[in-house]
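Visitor: What shape does this take:
(one chain, ligands or ions: 2)
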Amino acid sequence: MIIVLKPDATEAQIHYIEERVKKVGLTPMVSRGTQRTIIGVIGPEDVLRVTPLEVFPGVEKVLQVLAPYKLVSREFHPEDSIIDLGRGVKIGAKRIVPIAGPCAIENREMLKTIAKEIKAAGAQVLRGGAFKPRTSPYSFQGLGEEGLKLLKEVGEEFNLVTVTEVMDTRDVELVARNADVLQIGARNMQNFNLLKEVGSTKKPVILKRGLMSTVKELLMSAEYILSAGNFNVILCERGIRTFEDFTRNTLDISCVPAIKTLSHLPVIVDPSHASGKWGLVSPLALAGIAAGADGVLIEVHPKPEEALSDGAQSLLPEKFKELMIKMKAVAKAIGREV
Ligand code: PEP
Ligand code: MN
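Guide: Ligands and ions are numbered 1, 2, ... in the order given. A predicted model of the protein is given here:
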């Protein structure tokens with residue numbers, strides 16, 4: 001249930017309602033918008049049925065949220081959420097945020113080369129995996145803690161926000177100490193303990209849609225993170241499995257505007273993992289922006305043929321630069337900026 005407050009509701013009235021909700025064993029979650037404040041009620045809300053919340057001072061109306069996700073829903077937070085990634089970068093607002101970098105951090109030199117190139121192209125966010133979820137146990141698994149240290153060092157040197165994947169609950173603290181944004185990979189979208197653990201941090205989280213997950217399941221996974229107290233969640237469409245095998249996965253463009261109607265959270269697209277082919281990355285990134293994505297996640301490598309992972313889908317830095325120019329044009333056409 002959500003309690004919509006009157007525009008002039010006072011702090012004392014909000015506090016009183018919060019206390020009443022807590023008294024019956026439920027959790028109030030307050031969302032302060034520019035227009036009005038909304039209190040989401042989490043837990044078995046039946047206990048409140050006998051409490052006429054509508055007549056409490058400051059309350060305008062009480063709504064039942066039919067969707068199984070509550071805090072993630074548009075009803076709870078009618079305005080778009082804008083998430084601060086640090087270093088002056090915000091996602092979810094007018095400016096679209098390109099996130100670029102290698103699939104895996106391989107060594108200091110390559111990471112610095114890529115950081116320099118993407119920054120010169122105008123990107124402000126550097127990605128790079130230190131813990132890699134590989135299909136084969138014999139494939140490169142990432143540099144682990146050493147990779148995290150390199151990411152931190154290079155992010156600081158080039159003043160770039162850093163994004164990296166965390167795969168294990170035991171590593172959340174370590175990764176959170178070394179990176180600005182935590183990524184939950186597609187394969188871990190329903191690792192509920194991991195979701196709760198990143199929910200207990202205040203770090204922005206990129207939550208990737210599972211390879212075989214519905215939009216509703218993605219939103220339920222996001223709900224885990226929000227209900228643990230972390231509202232800084234960015235949803236990422238990275239391609240789903242379909243019968244089509246020309247591409248690695250199928251980028252579900254339609255989920256971008258769909259999620260925008262269902263949720264207030266920012267949405268980004270990852271055309272690199274979706275297509276698995278570098279030649280398809282730019283058109284899909286542009287399609288994602290045209291469909292309303294708040295950001296794109298692009299794999300970039302100076303020598304894709306030598307990449308330790310995902311070389312076939314990695315853009316050369318000059319191709320990324322060309323994409324940045326095209327993204328600016330598409331963004332402008334829909335009243336946004338890159
Ligand atoms: C990645 O971003 O490098 C990655 C492994 O992505 P996904 O979890 O979408 O496969
Ligand atoms: Mn990758």
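Visitor: The nearest residue to residue 132 once chain neighbours are set aside - how many residues pack around it?
Guide: Leaving aside its sequence neighbours, residue 132 sits nearest to residue 142 (CB to CB, 6 or more residues apart in numbering; 3.9 Å). C-beta coordinates here come from the backbone N, C-alpha and C atoms, glycine included. Using other CB atoms under 10 Å, residue 142 is surrounded by 25 other residues.
Visitor: From residue 172, how far out is residue 142?
Guide: Computed with CB to CB, to the nearest Å, the distance linking residue 142 and residue 172 is 16 Å.
Visitor: Run through the residues that contact the residue of the stretch 201-338 of the chain at minimum distance from ligand 1.
Guide: Shortest the stretch 201-338 of the chain-to-ligand 1 distance, computed as CB to the nearest ligand atom: residue-wise this is residue 238, at 3.8 Å. Contacts for residue 238 (CB atoms under 8 Å, 6 or more residues apart in numbering) come out as 186, 208-209, 249, 251, 269-270, 273-274, 297.
Visitor: Dump these into TSV; add pLDDT as well.
Guide: Formatted as TSV, the contacts of residue 238 follow (pLDDT from 0 to 100):
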residue	pLDDT
186	98
208	98
209	98
249	98
251	98
269	98
270	98
273	98
274	98
297	98
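Visitor: What about these, which are in strands?
Guide: 208, 269, 297 (DSSP state E).
Visitor: wait, which of these is closest to ligand 2?
Guide: Among those, residue 297 lies closest to ligand 2 (CB to the ion), at 9.5 Å.
Visitor: what residues are up against the residue of the stretch 1-150 of the chain found nearest ligand 2?
Guide: The stretch 1-150 of the chain approaches ligand 2 most closely through residue 103 (3.2 Å), counting by CB to the ion. Contacts for residue 103 (CB under 8 Å, 6+ apart) come out as 128-129, 132, 272, 299, 301, 307-310, 314.
Visitor: Now do it against residue 95, distance only.
Guide: 25 Å.
Visitor: so what's the residue of the stretch 201-338 of the chain closest to ligand 1 closest to, chain neighbours aside?
Guide: In space, residue 238 is closest to residue 270, 3.9 Å off (CB to CB, 6+ apart).
Visitor: how much space is there between that neighbour and residue 295?
Guide: When distance is defined by CB to CB, residue 270 is 10 Å away from residue 295.
Visitor: neighbour count winner among those two?
Guide: Under the criterion of other CB under 10 Å, the comparison of residue 270 against residue 295 puts residue 270 first, with 30 against 27.
Visitor: OK, contacts around that one?
Guide: Taking CB under 8 Å, 6+ apart, one finds 208, 236-239, 296-298 in contact with residue 270.
Visitor: From these, list the ones also adjacent to ligand 2.
Guide: The subset of those within reach of ligand 2, counting by CB under 5 Å from the ion, is empty.
Visitor: Distance to residue 279 added to those, as JSON lines?
Guide: Shown next, in JSON lines, are the contacts of residue 270 (distance: CB to CB, whole Å):
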{"residue": "208", "distance to residue 279": "22"}
{"residue": "236", "distance to residue 279": "22"}
{"residue": "237", "distance to residue 279": "20"}
{"residue": "238", "distance to residue 279": "18"}
{"residue": "239", "distance to residue 279": "15"}
{"residue": "296", "distance to residue 279": "16"}
{"residue": "297", "distance to residue 279": "17"}
{"residue": "298", "distance to residue 279": "13"}
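Visitor: Just the buried ones out of these, please.
Guide: Neighbour-count burial (16 or more other CB atoms under 10 Å) applied to the contacts of residue 270 gives 208, 236-239, 296-298.
Visitor: Check the single nearest residue of the stretch 201-338 of the chain relative to ligand 2 and give its pLDDT.
Guide: Here the residue of the stretch 201-338 of the chain nearest ligand 2 is residue 310; by CB to the ion that distance is 3.7 Å. For residue 310, the pLDDT comes out at 97.
Visitor: Double-check it against residue 297; I have them as touching.
Guide: No. The criterion here is CB atoms under 8 Å, and residue 310 misses it with residue 297 at 12.0 Å.
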